[in-house]
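Engineer: requesting a structural model of the entry that follows:
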Amino acid sequence: MTVKLTGLVVVAAVAIAFPYVFSSPVDTNYGVYAMIFVTAASAWNIFSGFSGYISLGQAVFFGSGAYTVGIAARDWHMKGDGIFVLLPLGAVVATAIAIPFGLVALRVRRHTFIVITIAVFFIFQLMAYDFSFTGGTIGLPAPFLSWPLATFNNPFYFMALGAAAVTITLAWLIKRSRFGLQLRAIKDDEDRALGLGVRTMRVKLSAFMLSAFITGFIGGVWFLYITQVLPSSGFDPLFDLTIVLMAFLGGVGTIAGPVIGALLIEPGRLWLNTQFTNGYLSEILLGALFLLIVLFMPRGIVPTGGEWIKKIRSRGRPAIEPKGRGDAWTDERGTSEEGRRRLEAARRRESG
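Structural biologist: Here you go, the predicted model:
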């Protein structure tokens, strides 16, 4: 426990010190995007990773949070630092959307659920293109922030870092709680969980709403950071595929998995976009990486790495010694020769 606590303190110290050690706007931009995707991937994991329902519609909540902040700032003529009070509103609107979305989609099982989430995503993307209050193809600009250019990224970094820390803590608490146990029971066997008294619809919808709330909030942060939202960027199908890939790379259903996946993939994707003129290269590589993970490391880095560490520590021996180990020989049921003789003697005494 002390080692884990020390590791958490070190990680927190490194995260807080990052914008001061790497103070270049280019470097802090990597940090802001990494923390945004750590939050989004961990929020996705709270629902999909724990329940087994793979959602490809998280961009609905991400884009809704961004558009809510933009529309409210425009219509209420808000400027300056005061616009940050709109972030909870974006989260609330995303949660409100999740209620009817979940009531419809969560009535079906996993494979059909994936199809419904994709359909709802495209409905919202088309609405963003067609409705006048969203700005259509022009999108919405964010209010201007008169912050120093040299440290402009730092407040957004710490805001996203705070959101990531809260989301990871929530995921940890949920996994250790009765609520998390119910989600895992649904993932293992939903019919059996229902038979044992788990109110599966209520549990799934609650996790879905919590995931939407966090995603809507971080979508608002993203909008204020990039200063504009378009239908193609706010409701981006690659956003869904990216956060799913992050979770699968690190380990679906684990706490650290989505974090590790986001810290590996998002900076790498940004670096590829700056190094190569082909704008689709990062997407091609992401698809290839996804295929490799599914084929060769389907459980992800964290579970697979844990198994390797156990094997190294045990030097190939099983973690629990089998019954009868060390005796002359063991039969197929794990009973030693001496134990078998004793059993036969006991049977003879009973029969005699």
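Engineer: going forward, measure contacts and count neighbours with C-alpha atoms only.
Structural biologist: Noted.
Engineer: helix or strand next in line after the helix or strand hosting Val294, which one?
Structural biologist: Counting by DSSP states H and E, the element that carries Val294 is helix 281-296. Next in sequence after helix 281-296, counting helices and strands by DSSP H and E, comes helix 301-314.
Engineer: what's that following helix packed up against?
Structural biologist: helix 237-250, helix 256-275 (3 or more Cα pairs under 8 Å, 6 or more residues apart in numbering; DSSP states H and E).
Engineer: need the winner for burial among those.
Structural biologist: helix 237-250 (a mean of 24; mean count of other Cα atoms under 10 Å).
Engineer: need the residues that contact that helix.
Structural biologist: 37, 40-42, 44-45, 49, 56-59, 256-262, 265, 286, 290, 293, 298-302 (Cα atoms under 8 Å, 6 or more residues apart in numbering).
Engineer: try 7 Å
Structural biologist: 40-41, 45, 56-59, 257-258, 260-262, 265, 290, 293, 300-302 (Cα atoms under 7 Å, 6 or more residues apart in numbering).
Engineer: chain center to it, what's the gap?
Structural biologist: Distance, stretch centre to chain centre, for helix 237-250: 8 Å (Cα atoms, centre = their mean, to the nearest Å).
Engineer: so Gly197, which of the three states?
Structural biologist: On the three-state scheme (DSSP: H, G, I helix; E, B strand; the rest coil), Gly197 is labelled coil.
Engineer: residues near it, how many?
Structural biologist: By other Cα atoms under 10 Å, the residues close to Gly197 number 9.
Engineer: same thing with Val198?
Structural biologist: Counted with other Cα under 10 Å, Val198 comes out at 19.
Engineer: cool, and the one 5 residues further on?
Structural biologist: Summarising burial for Val203: neighbours were counted as other Cα under 10 Å, giving 17.
Engineer: distance check, it against Thr151.
Structural biologist: 42 Å (Cα to Cα, to the nearest Å).
Engineer: and Val302, by the same measure?
Structural biologist: Remark: distance between Val302 and Thr151 (Cα to Cα) = 35 Å.
Engineer: can you check Met297 too?
Structural biologist: Taking Cα to Cα, one finds Met297 at 40 Å from Thr151.
Engineer: and the helices in the stretch 1-150 of the chain?
Structural biologist: For the stretch 1-150 of the chain, applying DSSP state H, counting those that start in this stretch gives helices covering 2-21, 25-44, 50-51, 58-75, 87-105, 110-130.
Engineer: let's have the ones you listed in TSV, adding mean pLDDT.
Structural biologist: Listed next are the helices of the stretch 1-150 of the chain as TSV, based on pLDDT from 0 to 100:
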stretch	mean pLDDT
helix 2-21	89
helix 25-44	96
helix 50-51	94
helix 58-75	96
helix 87-105	96
helix 110-130	94
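Engineer: the helix holding Val294 packs against which elements?
Structural biologist: Here helix 281-296 touches helix 256-275, going by 3 or more Cα pairs under 7 Å, 6 or more residues apart in numbering; DSSP states H and E.
Engineer: and the helices and strands packed on helix 301-314: which comes nearest Thr169?
Structural biologist: Minimum separation from Thr169 across the helices and strands packed on helix 301-314 (Cα to Cα) falls at helix 256-275, 10.8 Å.
Engineer: quick one: contacts of that closest one?
Structural biologist: Outside of helix 256-275, the residues within contact range by Cα under 7 Å, 6+ apart are 30, 34, 37-38, 41-42, 246-247, 249-251, 279, 282, 302.
Engineer: mind picking the two most distant members of those?
Structural biologist: Gly279 and Val302 (30.6 Å).
Engineer: can you pick out the residue with more neighbours from these two?
Structural biologist: Using other Cα under 10 Å as the criterion, Gly279 and Val302 rank with Val302 on top: 21 against 11.
Engineer: next SSE downstream of the longest helix seen in the chain?
Structural biologist: For the chain, the longest helix by residue count, based on DSSP state H, is helix 200-226. Of the helices and strands lying after helix 200-226 in sequence (DSSP H and E), the nearest is strand 228-229.
Engineer: run me through the strand neighbours of that next one, direction for each.
Structural biologist: With DSSP bridges as the test, strand 228-229 is paired with strand 140-141 (antiparallel).
Engineer: so what touches the strand it pairs with?
Structural biologist: With Cα under 7 Å, 6+ apart, strand 140-141 has contacts from Gly70, Thr134, Thr227, Gln228, Val229, Leu230.
Engineer: what is the most widely separated pair among the residues you listed?
Structural biologist: Using Cα to Cα, the two most remote members of those are Thr134 and Thr227, lying 14.8 Å apart.
Engineer: neighbour-wise, which of these two wins?
Structural biologist: Thr134 (20 against 15).
Engineer: pretty sure the more buried one contacts Ala128?
Structural biologist: Yes. Counting by Cα atoms under 7 Å, Thr134 does reach Ala128; the two are 5.7 Å apart.
Engineer: circling back: for Ser211, find the nearest of the helices and strands packed on helix 301-314.
Structural biologist: Ser211 lies closest to helix 237-250 among those, at 12.7 Å (Cα to Cα).
Engineer: what's the neighbour count on Arg202?
Structural biologist: Around Arg202 there are 12 residues (other Cα under 10 Å).
Engineer: equivalent analysis for Trp76, please.
Structural biologist: Trp76, neighbours per other Cα under 10 Å, totals 10.
Engineer: tell me how far it lies from Thr227.
Structural biologist: Per Cα to Cα, Trp76 is found 17 Å from Thr227.
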